[in-house]
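Trainee: next come a sequence and a model predicted from it.
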Amino acid sequence: MAKMNMLQAINDALDIAMAGNDRVLCFGEDVGIFGGVFRATSNLQQKYGKARCFNTPLVEQGIVGFANGLAAQGSIPVAEIQFADYIFPAFDQIVNESAKFRYRSGSLFDVGGLTIRAPYGGGIAGGLYHSQSPEAYFAHTPGLKIVVPRNPHQAKGLLLASIHDPNPTLFFEPKRLYRASVGEVPEGEYQLPLGEAEVLKEGKDVTVLGWGAQMEVIEKAVEKAEKDGISCEVIDLRTILPWDVETVADSVFKTGRLVVTHEAPLTGGFASEIAATIQERCFLYLESPIARVTGMDTPFPLVLEKEYLPNDLKVYEAIRESIEF
Amino acid sequence: MTTTKSKVVYSPSFTDGAEFHIPTFKLLKQDGSLYKGAKAPDIDKDKALRIYRAMVMTRVLDERMLAAQRQGRLSFYMQCTGEEAAVIGSTAALDDTDMIMAQYREQGSLAYRGYTIDEFMNQLFGNELDYGKGRQMPVHYGSSNLHYMTISSPLATQIPQATGYAYGQKLAGKGECTITYFGEGAASEGDFHAALNMAAVHRVPVIFFCRNNGYAISTPAVEQFAADGVAPRAYGYKMDVIRVDGNDVLAVYEATRLARKMAVEENRPVLVEAMTYRLAAHSSSDDPSGYRSKDEETAWREKDPLLRMQRWMEKHKWWTEDDEKKIQEDLRREVLETMKRAQKRPPPPLESLITDVYDQVPPMLNAQFEKLKAHIRKYPDDYPKSANDPAITAKGGA
């Protein structure tokens, strides 16, 4: 085990993947000698050469289009989109192409080797174009996998799993935690399962569910609630698509209550999908309405970021309201 | 650091690029003879017959399938008619293992590589033998055996993919390249510019083949761009370019052969602009009489690429009127017989609704499928296509 921050863990995962298979390539804006604006790809060009780790021109639709072709050819591209906010020029390539390659060709062709990494989320004074959480847009697209890690250990294991998964995967990295989150990370190769939520803490009164950077928020909120004598079950969804309905439903059968939190706006956010599915599955077991603690239905602000974000206090309040309903 | 090497001037100096003139490369006259000083490429009789057969097969297929669409037997169709020399001439200049990433009008490439009429029909009718499992509209063919990427409807998305695919080929080092076809309309999409720029920067062995056929649905080329066609854009990306008479199969073949040589031997992307004309409508849902004149179409019919090649072969004594009569009759008969067969085949299995979305069917999708099966079992008369599917008739199912 070694102590690493999330960036180091991601860099380590990329290094291991590239060392293990010379068909793995890393590319995107500034990822070459500079190592990416966040330095997630540091030293990879030096180690593996310009043919396998390189800067692309500034063109997201080109990066993903190129990556789709490369993956169809049998390579294993790991493309970086500099900020998740800038993934939208590539939306067509991801939604109409990556996601549908296998289905539309009846499995004659696929882009299963493709992984797209993008830093997402707020809390870094990034304003409206460096703070968004676009997972719900992509969650509406069958054929993609969408993964969000919460800490360095998870980031390395889930990224290696995404790179090895035979389906195109979007890997959203909580950039607020890039350097803030530090922890023990096993050396060498390991993979954590995609499509499985993780129960971080068992409890009996209420299920609190989130992913990525919200897991830290949940942890603090739950600490407060437990001081009030509320027993919380905490779940990290980890994979947004396809998501682990069973684990969440089993928990809600037990607790009868569910609080879901994410940074993205409320309307059409992924919490809406979870709430709809869980009320369908667990209707007769629910003791209170499913609560959603989210960003507001506005663009992401700059100065009033703290007010906008779903923090531990807001999640704590939602837990209390759920219990007291 | 800038890559500009221009000289400095001290009074304003604008330029509109008018000094660049892109010539058009031609070899073959409409009467089948060569232009003065033109040298035919090295095409032997077997190759010529292979090219010509693919051209006729594509034409016959187009005629018959458009008729079938008009009779209501087929939901939709798109013709290659008028552009056979551009498509088939270029494909013939490649190795058969080079990758083709086409737009949607390049059935001629498949015909040349040996896609059978059965294979065409199975896709058109979306039956149980369709490789795409009846998921896409007609003319969205694909073949991994023939190195022809399955067609996707969104315009121009294949162009940057071709750059990526060819980059992988370069790393693999087998001397293969990728050709990607698109129309002059698709060249307006961002994907086109992304693809050319990335290919030039990363020195990728890809051939960008523009079929400049005059119209993007109803929009004429003059409303598509202000410049002299698509070719001059190559300068901006520092890429070699050639413009060729797209109805001249020999010129297209030779231009593409040389482009391929540059691509695989020097890792240089090349742009080819084939000047041709879409003699047919954009698709079976389109009616060109609303936006272009009969006179214009007639003028282009006189430049028919099939006739031109046929006359060239006749001059070589490789082809006779009897051969022509026979091939037309044989292909027409074969197309009709095959169509009847394909139409009678059952649809793809119900399970194909949920397979191939992921490598394995996720639990949520299985649950949705179980619900659908239960519903169809309850109302079998309302789902005649699926009521007899084994997934429905199997005993003991949910």
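Mentor: Perfect, I can see it now. Numbering: from 1, shown residues only, chains lettered A, B, ... in the order given.

Trainee: helices or strands up against the helix or strand harbouring A:G183?
Mentor: Per DSSP states H and E, A:G183 falls inside strand A:182-185. Secondary-structure packing of strand A:182-185 (3 or more C-beta pairs under 8 Å, 6 or more residues apart in numbering or on different chains; DSSP states H and E): strand A:2-5, helix A:6-20, helix A:152-164. Just so you know, the C-beta spots here come from the backbone N, C-alpha and C atoms, and that holds for glycine as well.

Trainee: partners of it in the sheet?
Mentor: Here strand A:182-185 has these sheet partners by DSSP bridges: strand A:2-5 (antiparallel).

Trainee: if we can go back for a sec, tell me the helix or strand right after the strand holding A:G183.
Mentor: Counting by DSSP H and E, what follows strand A:182-185 is strand A:198-201.

Trainee: helices or strands next to the helix or strand just after that following strand in the packing?
Mentor: Moving toward the C-terminus from strand A:198-201, the next helix or strand (DSSP H and E) is strand A:206-210. In terms of contacts (3+ C-beta pairs under 8 Å, 6+ apart), strand A:206-210 is packed against helix A:214-227, strand A:232-236, helix A:245-255, strand A:258-265, helix A:312-324.

Trainee: so which of these gets nearest B:E370?
Mentor: helix A:245-255 (14.1 Å; C-beta to C-beta).

Trainee: send the alpha carbons of the closest one over as PDB?
Mentor: Only the C-alpha atoms of helix A:245-255 are listed here, as PDB (Å, rounded to 0.1, in the frame of the first residue of the first chain):
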ATOM      1  CA  VAL A 245     -31.100  -1.300  -8.400                       C
ATOM      2  CA  GLU A 246     -30.900  -4.400  -6.200                       C
ATOM      3  CA  THR A 247     -28.500  -3.100  -3.600                       C
ATOM      4  CA  VAL A 248     -30.400   0.200  -3.200                       C
ATOM      5  CA  ALA A 249     -33.800  -1.500  -3.100                       C
ATOM      6  CA  ASP A 250     -32.600  -4.100  -0.600                       C
ATOM      7  CA  SER A 251     -31.400  -1.200   1.600                       C
ATOM      8  CA  VAL A 252     -34.700   0.700   1.300                       C
ATOM      9  CA  PHE A 253     -36.700  -2.500   2.100                       C
ATOM     10  CA  LYS A 254     -34.800  -2.500   5.400                       C
ATOM     11  CA  THR A 255     -34.800   1.200   6.300                       C
END
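
Trainee: so what touches it?
Mentor: For helix A:245-255, contacts defined as C-beta atoms under 8 Å, 6 or more residues apart in numbering or on different chains pick out A:196-197, A:199, A:203-207, A:209, A:233, A:235, A:237, A:258, A:274, A:277-278, A:281-282, A:285-286, B:363-364.

Trainee: from those residues, list just the buried residues.
Mentor: Neighbour-count burial (16 or more other C-beta atoms under 10 Å in any protein chain shown) applied to those gives A:197, A:203, A:205-207, A:209, A:233, A:235, A:237, A:258, A:274, A:277-278, A:281-282, A:286, B:364.
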